[in-house]
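K.L.:
quick check, what structure comes out for this input:
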Amino acid sequence: MQQRPCQPAVRLVPGPLHRRRPLRASDHHAPTPAAHARSLLARIAACCVLATSVAPIPTLARQPDAPPHAIAPLDTPPSASAAGAAMDALIAWTRDGKVPEHAQGLPKAQGASITIRCAGRVIARASAWSDTPGTSALRADPAADPAVRRAAAIALPAALRNLPFTLDPSLPDASAEVARQLDLSLELAGPLVPITLAAWADALSQVRPGIDGVAIRLGDRFESMFPAAMLAGAVEPPAACRALLSKATDDPTLALKEPRDLGIAPTFYRFRVTHLAQLPGSHELVYLTRGGVVAPPLSAAELSRWAVGLADHLVRRIPDDGSAYPGTFNPVAEPVGGGDRGTPGQHALVAFTLARFARTGASVDPAAARRAHDGALRMLRSFDRAHARADDPFAMALIVRTFEELPTADRTPDLDALRARAAGRVPRGTLGAAPTGLAGLAAWALDAAGEEADPMVRATYARAPLPELGAAMPWLGWAELAVRDRHAPGRPPASAEALRQMRGMLWAHTLAPESLSAEEQDLAGGMVFGRGGLPTWHAARPLAMVGTMLREPDLAGERALELARLLAGLRYLRQLTIGPAEGHMYADPGGARWGVRGSVWDQRVSPEATATTLLAVVEVLRVVGGR
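P.N.:
Have a look, this model is predicted:
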């Protein structure tokens, strides 16, 4: 899919637009200690670009909008109405092409950050705070020169200088036409709350990714980084604090020390924001939580729409030239076809998932099912050429199983040869050293090839402790049921109790809405394993098996209750699925739509996350539809 163009309906002369460097797989290779230090300094320098400020010394203060004689919570940000009024002013200034020297009637806010994009690319970002250098208190009348006006006075001229086109100034309403090409994002900051850091890792427990911004004060220097910049740049709280220290001291090497060892006494802060942004294209204004909107509980209609969207996203990324399926991409900086070259396993996983969806999706959306079916065939036909006849065991097992999902009428001599080659290269034996997920998938593939898989299934269950069983799903669970159907159809699977215990463990680690604060409702349904962890897409693996269990009389349990729990868990995966709101910060919002992110703070989209989520949704559709 082509990137959305930035083309006004007036005469424009094309010009350059600088592109940000996308994330690459090589960025994550384990470095030597010296290389690690150099890499860390480079990342700190990059993060410093995101940390912008105007006034050096903002201070803690009472919430400006609190009624008389009432103290608001310490970190309460400005109200939604205040953000709306500030955005109205910002839109008007953008249409005028200039920011007034004085602005009356703007809402009070301790800080403000403005990001301006064109065609999905950031062309300006600036922040400002309402304190003046050398003061120790918030201005008596912040509206005299509000933070939002000061930030706009920097951001808007920068945006006009960085336009990806040259505007003919003789045209009428030129500035208004430019404004129609720009997408605005505004964050208003609440009071600064001091945090104590003995080690950089302490920031993980005190700063919520995507919710809180961070700031530092050191003498007369003050620097800050707002949540949206941290979210778009994949900057975790410890890295943000290090970057701010480097900028405040002009010494990036200090960030290599732990805070306790600095020999200086900076003060670190966190702060919350109210975030309002224009959606690309429509310019609809949306209030954002962690860069998106909170997904509601799932309905049957939404499940079907979601499944179709996931499948279409996977199909949309299939290369037209028969090359390898693309790997993980960062939608903040890359189009949907960008990212790393995909692996054989990713290629095969997408083919299998599309074929499996096509069987269920025919009753949901026949046209989407045909697109998925055709996509799966294209992926199979291009596999050997794209991956030079790779023998990746995960890919080989998935290819065998993909043929089980397709009609026999699709078979051709070339495809039969691929299936035979894949079946011959599926791992055999107990696979004691292999990951449990691979062992389960291999067993499932061997069963499809007519070989005995029960010993491999039993051996895998025996070496997979309950806390790690979810990582082997859904493959090990589906292999278990296939072996049961071959040897004792109609009877409970041998590992029924282990599967029930795994399901119970999932629910015990699921975040309930009532346990979360109002600004963290986007985490509801997510699963947290381990102290201090945060939920990711990986819960899709066991949730796919939980959906299958609902169709098994001996595994379903109290079906209505288990279905409700499953839908609650899937709600978090729906939260990770890109919608229009998240698209406000992406290079290609339409292309990224329906991709599944790594987490609510990690914008990267992988084939595994999107495909495995679709597998989980398909299992629920089979339950809801009785298939």
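
K.L.:
all contacts plus neighbour counts: C-alpha atoms, from now on.
P.N.:
Will do.

K.L.:
what's downstream of the helix or strand hosting residue 149, the next helix or strand?
P.N.:
Following DSSP states H and E, one finds residue 149 within helix 147-161. Downstream of helix 147-161, the first helix or strand assigned by DSSP H and E is strand 165-167.

K.L.:
so which elements touch that next one?
P.N.:
strand 12-14 (3 or more C-alpha pairs under 8 Å, 6 or more residues apart in numbering; DSSP states H and E).

K.L.:
how about 10 Å then?
P.N.:
strand 12-14, helix 174-181 (3 or more C-alpha pairs under 10 Å, 6 or more residues apart in numbering; DSSP states H and E).

K.L.:
is it true that residue 303 touches residue 623?
P.N.:
No - between residue 303 and residue 623 there is no contact, the gap being 11.6 Å when judged by C-alpha atoms under 10 Å.

K.L.:
who has more neighbours, the two?
P.N.:
residue 303 (21 against 16; other C-alpha atoms under 10 Å).

K.L.:
report the contact partners of the more buried one.
P.N.:
309, 364, 567, 570, 571, 574, 617, 618, 620, 621, 624 (C-alpha atoms under 10 Å, 6 or more residues apart in numbering).

K.L.:
longest helix in this structure, please.
P.N.:
Criterion DSSP state H: the longest helix present in the chain is helix 366-387.

K.L.:
for it, which positions count as buried?
P.N.:
368-384, 386-387 (16 or more other C-alpha atoms under 10 Å).

K.L.:
and that helix, what's its mean pLDDT?
P.N.:
Helix 366-387 shows a mean pLDDT of 95.

K.L.:
now do that helix: which elements does it pack against?
P.N.:
Helix 366-387 packs on helix 300-316, helix 344-361, helix 393-405, helix 413-424, going by 3+ C-alpha pairs under 10 Å, 6+ apart.

K.L.:
to residue 541, which of these lies closest?
P.N.:
Closest approach to residue 541 among those is made by helix 344-361 (12.9 Å; C-alpha to C-alpha).

K.L.:
distance from the chain centre to the closest one, please.
P.N.:
Centroid separation between helix 344-361 and its chain, computed with C-alpha atoms, centre = their mean, to the nearest Å, is 22 Å.

K.L.:
same deal with stretch 342-356?
P.N.:
20 Å.

K.L.:
and what of stretch 306-317?
P.N.:
16 Å.

K.L.:
go ahead and confirm residue 116 touches residue 125.
P.N.:
Yes - contact criterion C-alpha under 10 Å: residue 116 and residue 125 qualify, at 6.3 Å.

K.L.:
what is in contact with those two at once?
P.N.:
Joint contacts of residue 116 and residue 125 (C-alpha under 10 Å, 6+ apart) are 152, 155, 156, 158, 159, 184, 185, 186.

K.L.:
could you identify the most distant pair in the residues you listed?
P.N.:
Once C-alpha to C-alpha is applied, the shared contacts of residue 116 and residue 125 give 158 and 186 as the farthest pair, at 15.7 Å.

K.L.:
looking at these two, which is more packed in?
P.N.:
residue 186 (28 against 16).

K.L.:
where's the more buried one relative to residue 152, distance?
P.N.:
10 Å (C-alpha to C-alpha, to the nearest Å).

K.L.:
joint contacts of these two?
P.N.:
Common neighbours of residue 186 and residue 152 (C-alpha under 10 Å, 6+ apart) are 90, 112, 113, 114, 115, 116, 125, 127.

K.L.:
reformat the contacts of residue 303 as a markdown table; add neighbour count, secondary structure and distance to residue 453.
P.N.:
Below are the contacts of residue 303 laid out as a markdown table (neighbours: other C-alpha atoms under 10 Å; DSSP: H, G, I helix; E, B strand; the rest coil; distance: C-alpha to C-alpha, whole Å):
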| residue | neighbour count | secondary structure | distance to residue 453 |
| --- | --- | --- | --- |
| 309 | 19 | helix | 35 |
| 364 | 20 | coil | 33 |
| 567 | 22 | helix | 32 |
| 570 | 27 | helix | 31 |
| 571 | 23 | helix | 34 |
| 574 | 28 | helix | 35 |
| 617 | 26 | helix | 27 |
| 618 | 27 | helix | 25 |
| 620 | 28 | helix | 27 |
| 621 | 22 | helix | 28 |
| 624 | 14 | helix | 30 |
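
K.L.:
longest strand in this protein, by residue count?
P.N.:
For the chain, the longest strand by residue count, based on DSSP state E, is strand 267-278.

K.L.:
name every strand pairing with that strand and say which way it goes.
P.N.:
With DSSP bridges as the test, strand 267-278 is paired with strand 182-189 (antiparallel), strand 193-195 (antiparallel), strand 212-218 (antiparallel), strand 285-288 (antiparallel).

K.L.:
which of the ones you listed is buried the deepest?
P.N.:
The highest mean neighbour count among the strands paired with strand 267-278, using mean count of other C-alpha atoms under 10 Å, belongs to strand 182-189: a mean of 28.

K.L.:
just the angle for that one relative to helix 147-161, thanks.
P.N.:
Strand 182-189 runs at 150 degrees relative to helix 147-161, counting by axes from the mean of the first three to the mean of the last three C-alpha atoms, to 10 degrees.
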